[in-house]
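[1] requesting a structural model of the entry that follows:
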Amino acid sequence: MNQGIKVDRLETHDRYKEFTKKTGQQSITIADCCQDLINQRPFGDTPFYIFVHPRTDEDGVTKRLIWQPRLTKPKAQTNSMLFKAYPGTDRLKVIWQIPPREMWGQYKIGNVSEDKNVLDSIDKFEHHRELLESKEDDDLDDEKINAIYTQISIAAKNKTKQNLSS
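    Alright, predicted model coming up:
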């Protein structure tokens, strides 16, 4: 299920850049960026996915990472990561980490950059993509997801009305 909702730019921007500006730290990790988003609780206490994928700016050179909170899983794709976050806990589940196809060889067993999570993700992407894309046991049903998205949409419309009348 894909819902078309208007999301605040700050919810889908390059969190790495914003986070380093905000904290003044240069050695920010993926976990730090995920935790920053989890702390914002975009869906309250409801577990949610964090879909991370790069985009190239209009200049054709500058790349940025999009950190998108979602209630549903996107389709698995190369050059992306997907995590499941559990607000109020220290749990962050790695669903997949799939590098660009041309980099897959770097993660093979025996290489310095060998990575079991990446290798498992690549294998599932190539041979069992349905496992990556299937619902998790603790995913909300479509009715609850629709209710949350409707609530977010109404709140955004009310905020826009308030801003226009100010």
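
[2] any stretches of the chain with poor pLDDT?
    Counting by pLDDT under 70, the chain shows low-confidence ranges at 1-28, 166.

[3] and with 50 instead?
    By pLDDT under 50, the low-scoring segments of the chain are 1-13, 16, 19-20, 23.

[4] regarding it, what is its longest helix?
    The single longest helix within the chain, with elements called by DSSP state H, is helix 142-165.

[5] for it, packing partners?
    On a contact count with 3 or more CB pairs under 8 Å, 6 or more residues apart in numbering; DSSP states H and E, helix 142-165 meets no helix or strand. Yep, even glycine has a C-beta here, placed from its N, CA and C like the rest.

[6] buried sites along that helix?
    Neighbour-count burial for helix 142-165 flags 145, 148-149, 152 (criterion: 16 or more other CB atoms under 10 Å).

[7] what about Arg55, neighbour count?
    Number of residues near Arg55 (other CB atoms under 10 Å) recorded here: 11.

[8] measure it to Thr150 for me?
    Arg55 is 28 Å from Thr150, where distance means CB to CB, to the nearest Å.

[9] check Glu126 too.
    37 Å.

[10] with Asp141 instead?
    14 Å.

[11] and for Arg41, the neighbour number?
    14.

[12] in a markdown table, list the buried residues of helix 142-165 along with distance to Asp120.
    Formatted as a markdown table, the buried residues of helix 142-165 follow (distance: CB to CB, whole Å):
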| residue | distance to Asp120 |
| --- | --- |
| Ile145 | 27 |
| Ile148 | 30 |
| Tyr149 | 31 |
| Ile152 | 33 |
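
[13] nearest to Tyr49, of the residues you listed?
    Distance ranking of the buried residues of helix 142-165 against Tyr49, using CB to CB, places Ile145 first at 11.4 Å.
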